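J.: coords please:
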Amino acid sequence: MNLNMSSAESLLAQIQGLSSSIADLTHLRNYLKQSDDLLRTESTRLVPLLNELDPSIHSLGYLYILDACTAAPISKEQANELVITVARFINACAAEQIRLVPDKFISVCKRLKEQVMLLQDPMRGVAPLLTAIRKLQTSTEQLTTLHPDFVLLCLLSKCYKTGFSVLENDIFEVDQPRDLFLYCYYGGMICIGQKQFRKALELLHNVVTAPMAIVSAIAVEAYKKYILVSLIHNGQFSTSFPKYASQAAQRNLKNFSQAYLDLVNSYTTGKVSELETCVRANTEKFESDKNLGLVKQVVSSMYKRNIQRLTQTYLTLSLQDIANTVQLDSPKAAEMHVLQMIQAGEIYATINQKDGMVRFLEDPEQYKTCEMIERIDFSIQRIMMLSKKLTGMNETMSFDPSYLGKVGRERQRFDFDDYDTVPSKFNI
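T.: Numbering: from 1, shown residues only. Alright, predicted model coming up:
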């Protein structure tokens, strides 16, 4: 349509009259798109129109006006009103309408995030952005541009469980690489806060090994945390990169992480004294990176690893001997560590309080309970699903013109198996 907007009333009439069917909405979108510059120019006059529109019925028109009205800088005093208005719209709007102009919807949602940050109240943005993501997504496998903002707000407001509920979804489609980097980095930090170290490793691993032409600050910080979480969760860290990691990552990440690699070397010795010496020598660096808390958990995990090694050698051992062997201050400290490890399922043991003896036991799991069978079946089904998904993605990639063209041009320079490339829109 090629219509002129003569007044605010005519705009209102167009929105109310063209919000019922897909065909009408298409005409309305074209009309509003042509009038976008004028909407921004007349934004102050359009604010009262929001009260005349129902955001659940007139979502498309409401979105255009809201975008125009919130585009200009606003004061901190006005920010509160903007947050309320945008949050109400997000909750009420029709998903099928806002998906017609996703960029507009994303812009409005990002302004909400900016304003709650300005108000220093990130928690106010958590629920609206979660709703926005669900309405914007065509499936839970899609990573939207709003995901990193949502996870960041969860991190800042310490709403770890809410953030983790989204992180549990498998992501296979990514439009913008930067969204993936930020989502996985912030998500890894949330998982660390939840002590979900396995998931944290998965997310941080995605950042470190994702395709990149040059090393970003996000990748460097993710690599540092990846090292620390690996030591905490696995008790070891391999400095070798997987074959599919980018050349940029393999060449440069270690150069920015020497203090952390020194920590790995000290940890490998199994000597707490050497590890603590390394920590003291690099405390300033760890503090400036805001990783000192994780580093302290690395030191604590060494005691656990040393106790676990004792279970492979001894059937019974006194608390005093455990304290001496793993360099703890007292038998009481050894008892505390052993009890914590028993409760976490990290070792199987009993403590005789009378004589202070610890008896190490075998893993009692027989892998034949109904619960275990269900877990195994779930894992099998998940692997089958991932295999099917990977096969489909591989077939799609095999016919992607941009991928085939790039591989053809680079074939003489690189071995095909080592080639690291990705189309402008890629799946993981």
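
J.: tally of neighbours for residue 79?
T.: 19 (other CB atoms under 10 Å). The way it works is simple: take the backbone N, C-alpha and C, and place the C-beta from them, glycine included.

J.: so which strand or helix has residue 408?
T.: Applying DSSP states H and E as the criterion places residue 408 in helix 401-410.

J.: Buried ones in that helix, by neighbour count?
T.: residue 403 (16 or more other CB atoms under 10 Å).

J.: State the mean pLDDT of that helix.
T.: Across helix 401-410, pLDDT averages out at 75.

J.: I'd like the distance from it to the chain centre, please.
T.: 31 Å (CA atoms, centre = their mean, to the nearest Å).

J.: which residues sit in contact with the nearest residue in space to residue 95 that is not next to it in sequence?
T.: Counting by CB to CB, 6 or more residues apart in numbering, the nearest residue to residue 95 once its immediate chain neighbours are dropped is residue 135, at 4.1 Å. Contacts for residue 135 were tallied using CB atoms under 8 Å, 6 or more residues apart in numbering; they are 90, 93, 95, 98, 99.

J.: any idea how far residue 135 is from residue 175?
T.: 17 Å (CB to CB, to the nearest Å).

J.: Check residue 279 too.
T.: For residue 279, the distance to residue 175 - CB to CB - is 41 Å.

J.: mind listing the strands for the stretch 301-428 of the chain?
T.: In the stretch 301-428 of the chain, the strands defined using DSSP state E, counting those that start in this stretch lie at 316-318, 349-352, 357-360, 426-427.

J.: can you tell me the average pLDDT over the third one?
T.: Mean pLDDT, strand 357-360: 92.

J.: what's the spacing between it and its chain's center?
T.: Using CA atoms, centre = their mean, the offset of strand 357-360 from its chain centre is 41 Å.

J.: Which strands or helices does it pack on?
T.: Contact partners of strand 357-360 among helices and strands, from 3 or more CB pairs under 8 Å, 6 or more residues apart in numbering; DSSP states H and E: strand 316-318, helix 319-326, strand 349-352.

J.: Turn the ones you listed into JSON lines, columns for mean neighbour count and mean pLDDT.
T.: JSON lines is the format used below for those (neighbours: other CB atoms under 10 Å; pLDDT from 0 to 100):
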{"stretch": "strand 316-318", "mean neighbour count": "16", "mean pLDDT": "92"}
{"stretch": "helix 319-326", "mean neighbour count": "18", "mean pLDDT": "91"}
{"stretch": "strand 349-352", "mean neighbour count": "14", "mean pLDDT": "91"}
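
J.: so which of these comes closest to residue 379?
T.: Closest to residue 379 of the helices and strands packed on strand 357-360, according to CB to CB: strand 349-352, at 27.7 Å.

J.: what lines up beside that closest one in the sheet?
T.: Strand 349-352 sits in its sheet next to strand 357-360 (antiparallel), going by DSSP bridges.

J.: returning to what we had before: the helices and strands packed on strand 357-360: which one's closest to residue 256?
T.: Nearest of these (CB to CB): helix 319-326, 32.5 Å.

J.: What are the contacting residues of the closest one?
T.: 272, 303, 306-307, 310, 328-335, 337-338, 351, 356-358.

J.: switch the cut-off to 7 Å
T.: Helix 319-326 has contacts (CB atoms under 7 Å, 6 or more residues apart in numbering) with 303, 306, 307, 310, 330, 331, 333, 334, 335, 356, 358.

J.: Let's see it as CSV, backbone CA atoms only.
T.: Extracted in CSV, the C-alpha atoms of helix 319-326 (Å, rounded to 0.1, in the frame of the first residue of the first chain):
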residue,chain,number,x,y,z
LEU,A,319,41.4,-39.2,59.7
GLN,A,320,44.8,-38.2,61.0
ASP,A,321,46.5,-40.0,58.2
ILE,A,322,44.2,-38.4,55.6
ALA,A,323,44.9,-35.0,57.0
ASN,A,324,48.7,-35.6,56.9
THR,A,325,48.6,-37.0,53.4
VAL,A,326,46.5,-34.4,51.7
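
J.: what about it, distance to the chain center?
T.: On CA atoms, centre = their mean, the centre of helix 319-326 falls 40 Å from that of its chain.

J.: before we move on, what about stretch 184-197?
T.: 7 Å.

J.: Quick check: buried residues in that stretch?
T.: Result for stretch 184-197 [16+ other CB under 10 Å]: buried residues 184, 185, 186, 187, 188, 189, 190, 191, 192, 193, 196, 197.
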